[in-house]
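Asks: Have a look at this fold, sequence not included:
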């Protein structure tokens, strides 16, 4: 979700196989650099594979270009990487969140084939997408500061996980601003 010169990414921490909970402290959002995060939902082995692949590609980009990658360029890199495997896709849906060089929020989600869906206000993915969309449409306001953005994102995540039995067990919210990254954990339903 975007704010005024800041952007937030949030996720629950449950890893499960259908109704069986396997772990309750699984990261699904990964820091690519100080102004860019990658969120990955779906099959966790593919999540780990893609994370390692993108860390490698970012290291190569930084070595060749001598600078950090922009969020828009990274989203296109993710999209093309997924499209390369379209006949045997990774079972994951990525989301790219970050601030560009002008501190403008960038939000982009994509499907497992890499089709981009970039939005100016909010993007949702995962098992509770339908619940998240309704909550985001209800709570979202333009030009929120960091504290307001954290409150809206955490309330949205809590509301969605309360209505979905396949998600929950706590949540993590990262706020990216020009001052840096703020990470907070929230308690959600744990059943």
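Replies: Okay, I see it. As the structure is a prediction and not an experimental result, all values here were calculated from the model. Numbers count the residues shown, from 1 in each chain.

Asks: got a list of what residue 15 touches?
Replies: 21-24, 26, 44 (CB atoms under 8 Å, 6 or more residues apart in numbering). (C-beta placed from N, C-alpha, C; glycine too.)

Asks: let me redo that: residue 147
Replies: Neighbouring residues of residue 147 by CB under 8 Å, 6+ apart: there are none.

Asks: tell me the phi and psi of it?
Replies: phi -70, psi -40 (degrees, to the nearest 10).

Asks: Is the spatially closest residue to residue 118 that is not a sequence neighbour in a helix, a strand, or coil?
Replies: Among residues not flanking residue 118 along the chain, residue 108 sits closest, at 4.2 Å (CB to CB, 6 or more residues apart in numbering). Of the three states, residue 108 takes strand according to DSSP: H, G, I helix; E, B strand; the rest coil.

Asks: Same check on residue 101?
Replies: Secondary structure of residue 101, reduced to three states by three-state DSSP: coil.

Asks: what's the spacing between the residue nearest the centre of the chain and residue 14?
Replies: Centre of the chain computed as the mean C-alpha position; nearest residue by CA atoms, centre = their mean is residue 39, 3.2 Å away. Counting by CB to CB, to the nearest Å, the gap between residue 39 and residue 14 amounts to 15 Å.

Asks: residue ranges of the strands in the chain, please?
Replies: If you assign secondary structure with DSSP state E, the strands in the chain sit at 6-12, 15-17, 20-23, 29-33, 36-42, 92-99, 105-110, 116-118, 171-177, 180-186.
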